[in-house]
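> Fold the stuff below for me.
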Amino acid sequence: MRLRRAYLPPVKTLAKRSQVYNNRSESEDTSSDISALGGGCAGCGRKRNVSNWTMIHPCGHILCWTCFSATIASVTKSHAASKCTACQGDCLSIKRHYGPVPKDNGPEHCNAVNPGASTPCCSDTIVLRIDNVDVTPQIVENFLPKNVLPQEHPQPIHILIDRFDGRTKDYMYIEAASDVTARKILKKRQNGMMPCGGQDGKTRAVTITRVTHHELSAELRPKGPQELTALLALCQAAVALPNRADRDLCHSPSVTRSGLAHFVKSRHGPFYAIMSILTKLRGPESPAYWDLFNLTSGIYTVYH
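Numbers count the residues shown, from 1 in each chain. Below you'll find the model as predicted:
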């Protein structure tokens with residue numbers, strides 16, 4: 001007996017379907033997102049067209065399949081247990097949930113005591129991590145729904161680079177304006193197709209997870225003076241990159257005569273990295289005074 005080969009749609013078709021699903025009506029009223037918070041997914045608030053619900057233990061939050069898959073797919077820096085999308089608590093076990101979802105299924109209702117998992121009360125923004133990226137802030141801003149970033153924040157998009165060779169890391173962070181806008185991002189852009197950094201039209205399916213401010217601060221905090229010195233050298237080398245018509249993205253990595261900026265794909269990448277450090281690490285979290293002085297004087301030297 002001959003077996004028929006299963007039909008798989010072309011990759012472009014799958015990407016197009018995903019894009020159509022994630023680009024649903026950007027003009028939806030924010031009140032609809034707020035109304036979805038009761039009796040819906042604890043992560044994104046979705047409660048319509050959901051057939052599979054999963055309960056996370058020990059926190060007890062109930063997630064839709066999209067948020068649950070993001071919980072499993074996300075990779076923590078410490079390779080610890082997966083984190084619940086709603087509260088960032090450890091996911092120790094799961095079970096299928098049947099029947100209606102309780103109205104108190106939200107981040108503020110948590111069965112488990114998990115110190116440090118919730119967003120610090122001193123900050124109004126919600127931190128989200130986007131995995132599988134290679135982009136610039138402008139691409140990220142165009143990818144996100146409208147009006148989800150805090151307008152008063154000087155640098156809500158944090159694109160990470162290797163501070164020694166300029167290589168863009170495959171994950172980044174953004175700060176959403178509120179819990180409602182964070183849920184809106186998870187609802188509309190989870191597993192969405194984000195353009196890559198090149199000009200070949202390629203896109204990548206990205207995973208979005210909710211993380212803590214502590215994780216972002218730990219990622220941005222320099223490991224030592226050598227990292228800051230190397231970052232300043234990248235800024236100087238990035239200015240010397242070959243001049244291009246659009247001066248935005250490079251097709252391939254560029255290397256200066258000094259051998260620096262080996263994987264810099266955007267002239268502005270090292271400067272964005274400095275801005276993230278200066279805007280996020282303040283007060284007790286900030287680097288030593290002389291580090292900040294070197295950063296400031298280095299930027300002045302580059303521009304003059």
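> per-domain residue ranges of the protein.
What the record gives for the chain is the domain set 31-116, 126-219, 220-303, from automatic domain parsing.
> Give me the neighbour count for the nearest residue to Thr207 once chain neighbours are set aside.
Distance criterion C-beta to C-beta, 6 or more residues apart in numbering; nearest residue to Thr207, sequence neighbours excluded, is Asp131 at 4.5 Å. Every residue, glycine included, has its C-beta placed from N, CA and C. Asp131: 18 surrounding residues under other C-beta atoms under 10 Å.
> Give me the phi and psi angles of Asp131.
Dihedral pair for Asp131: phi -100, psi 160, per degrees, to the nearest 10.
> which residues in the protein form strands?
53-57, 62-64, 93-97, 126-131, 157-161, 168-176, 193-195, 203-205, 207-211 (DSSP state E).
> Any chance of a markdown table for the ones you listed, columns distance to Leu231 and mean pLDDT?
A markdown table is the format used below for those (distance: least, C-beta to C-beta, whole Å; pLDDT from 0 to 100):
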| stretch | distance to Leu231 | mean pLDDT |
| --- | --- | --- |
| strand 53-57 | 38 | 88 |
| strand 62-64 | 38 | 88 |
| strand 93-97 | 41 | 86 |
| strand 126-131 | 21 | 92 |
| strand 157-161 | 8 | 93 |
| strand 168-176 | 14 | 93 |
| strand 193-195 | 25 | 91 |
| strand 203-205 | 26 | 89 |
| strand 207-211 | 23 | 90 |
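> closest one to Pro225 among those strands?
Shortest distance between Pro225 and those, using C-beta to C-beta, is found for strand 157-161: 17.8 Å.
> ok, that closest one: who's next to it in the sheet?
strand 168-176 (antiparallel) (DSSP bridges).
> Okay, angle between the partner strand and strand 207-211 too, please.
Taking axes from the mean of the first three to the mean of the last three C-alpha atoms, to 10 degrees, one finds strand 168-176 and strand 207-211 inclined to each other by 60 degrees.
> Restricting to C-alpha, output strand 168-176 in PDB.
Below are the C-alpha coordinates for strand 168-176, written out as PDB (Å, rounded to 0.1, in the frame of the first residue of the first chain):
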ATOM      1  CA  THR A 168      23.800  41.500  17.700                       C
ATOM      2  CA  LYS A 169      22.400  39.000  20.200                       C
ATOM      3  CA  ASP A 170      19.400  36.900  19.200                       C
ATOM      4  CA  TYR A 171      17.200  38.400  22.000                       C
ATOM      5  CA  MET A 172      16.300  41.900  23.100                       C
ATOM      6  CA  TYR A 173      14.100  43.700  25.600                       C
ATOM      7  CA  ILE A 174      11.300  46.300  25.400                       C
ATOM      8  CA  GLU A 175       9.500  48.200  28.100                       C
ATOM      9  CA  ALA A 176       5.700  48.400  27.600                       C
END
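> can you list contacts of that strand?
125-135, 140, 144, 148-150, 153, 156-162, 182, 185, 197, 211, 216, 219, 263, 265, 269 (C-beta atoms under 8 Å, 6 or more residues apart in numbering).
> before we move on, the earlier item: quick one, which of the strands of the chain is nearest to Gln226?
Nearest to Gln226 among those is strand 157-161; the distance by C-beta to C-beta comes to 15.2 Å.
> Run the angle between the closest one and strand 126-131 for me.
Relative orientation of strand 157-161 versus strand 126-131 (the same axes, to 10 degrees): 40 degrees.
> Give me the contact list for strand 157-161.
By C-beta under 8 Å, 6+ apart, the surrounding residues in contact with strand 157-161 are 133, 135-137, 140-141, 149, 167-169, 171-175, 216, 219-220, 234, 264, 269-270, 272-273, 276, 280.
> Just the ones in helices from those residues, please.
Using DSSP state H, the subset of those located in helices is 137, 140-141, 216, 219-220, 234, 269-270, 272-273, 276, 280.
> quick revisit: which ChimeraX command selects the buried ones in the contacts of strand 157-161?
The buried subset of the contacts of strand 157-161, as determined by 16 or more other C-beta atoms under 10 Å, is captured in ChimeraX by this line:
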select :133,135,136,137,140,149,167,168,171,172,173,174,175,216,219,220,234,264,269,270,272,273,276,280
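> What is the least confident helix or strand in this structure?
Least confident element among the helices and strands of the chain, by mean pLDDT, DSSP states H and E: helix 30-35 (a mean of 38).
> circling back: kindly reformat the strands of the chain as TSV containing distance to Thr85.
Putting those into TSV (distance: least, C-beta to C-beta, whole Å) gives the following:
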stretch	distance to Thr85
strand 53-57	8
strand 62-64	6
strand 93-97	12
strand 126-131	10
strand 157-161	19
strand 168-176	13
strand 193-195	19
strand 203-205	17
strand 207-211	5
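> Thank you kindly, that will do.
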